[in-house]
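*Asks:* Just need the structure, nothing else, for what follows:
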Amino acid sequence: MPTASRSAWIDAWERDLTPSAAAMRSRARVAARIRSTRYYGREATARLPQPNPEVERGEALPELKIVTRRRPRWGMALLVLAFVAVLLGALIIAPVLVSSAATGLEARAGQLESQKQELTAATSALFAQVSALSSPERVAEQAAELGLVPAVSVYYMQVGRGAVALEGDTTVAGR
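*Replies:* The predicted model follows:
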C-alpha cells in the first residue's frame, strides 16, 4: 500500500465528514454576511447616480476673484456689543434697582413704626384723660356745680313675685 501524504489523508477525511447542525448554521451566517457586504459595499456604490460629463451646464460659472482684504463684520460686532450691554444691565443695574426698592420699603416701614409709636402715646394720653374724668371725686365735683346733693334717705323697690315680663314680650306685666 502506497503511503499517502498527510494533506491527501486530511482531504480524504474531510470529504467523508458530515457537517453538524451548528456548522451548517455558522456557514449560513457567514454566507449572509458576505452577501450583505457585497450588496452594501461595491454594488450599492455602483448604483449611485453618476454625473454625466456629456451634459453641458446652461449657466457659465462666475469668474473667480482673489480677495486680499476681508470686510469687517459690523453686524456681528453690534450684536456682541448689545449682548454685553444687556448682560451688564442684568448684572449691575438690576441689583441696584432691587437694593433701592428695598431701601424704600425699609424707609416706609420706619415711618409706619414711628406713626405707631405716636398713636400709642396718644391712646395712653386719652386713657389717662378718661380715667381722670371718670374718677368719683370729679363726678362729685360736677354734681355739686350742677346743684345736685347727696340723697337724705334711700328707698328700695320691692319686686313682686308674680309674672315677670321678658324682653320682647308684648304683654304688660299685671294686665
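*Asks:* Tell me how many other residues surround residue 82.
*Replies:* 10 (other CB atoms under 10 Å). Heads up, the C-betas are built off the backbone N, CA and C, glycines and all.
*Asks:* Have a look at the chain and report the helix or strand with the lowest mean pLDDT.
*Replies:* Using mean pLDDT, DSSP states H and E, the weakest-scoring helix or strand in the chain turns out to be helix 44-46, at a mean of 54.
*Asks:* Dump the helix or strand following that one to PDB, keeping only the CA atoms.
*Replies:* Per DSSP states H and E, the first helix or strand lying C-terminal to helix 44-46 is helix 74-88. Taking C-alpha atoms only, helix 74-88 is exported to PDB below (Å, rounded to 0.1, in the frame of the first residue of the first chain):
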ATOM      1  CA  TRP A  74     -20.200  95.300  11.700                       C
ATOM      2  CA  GLY A  75     -23.400  93.400  12.300                       C
ATOM      3  CA  MET A  76     -21.600  90.800  14.400                       C
ATOM      4  CA  ALA A  77     -19.800  93.500  16.400                       C
ATOM      5  CA  LEU A  78     -23.000  95.300  17.100                       C
ATOM      6  CA  LEU A  79     -24.700  92.100  18.200                       C
ATOM      7  CA  VAL A  80     -21.800  91.300  20.600                       C
ATOM      8  CA  LEU A  81     -22.000  94.900  21.900                       C
ATOM      9  CA  ALA A  82     -25.700  94.600  22.500                       C
ATOM     10  CA  PHE A  83     -25.300  91.300  24.300                       C
ATOM     11  CA  VAL A  84     -22.600  92.800  26.600                       C
ATOM     12  CA  ALA A  85     -24.900  95.800  27.300                       C
ATOM     13  CA  VAL A  86     -27.800  93.500  28.300                       C
ATOM     14  CA  LEU A  87     -25.500  91.400  30.400                       C
ATOM     15  CA  LEU A  88     -24.100  94.400  32.200                       C
END
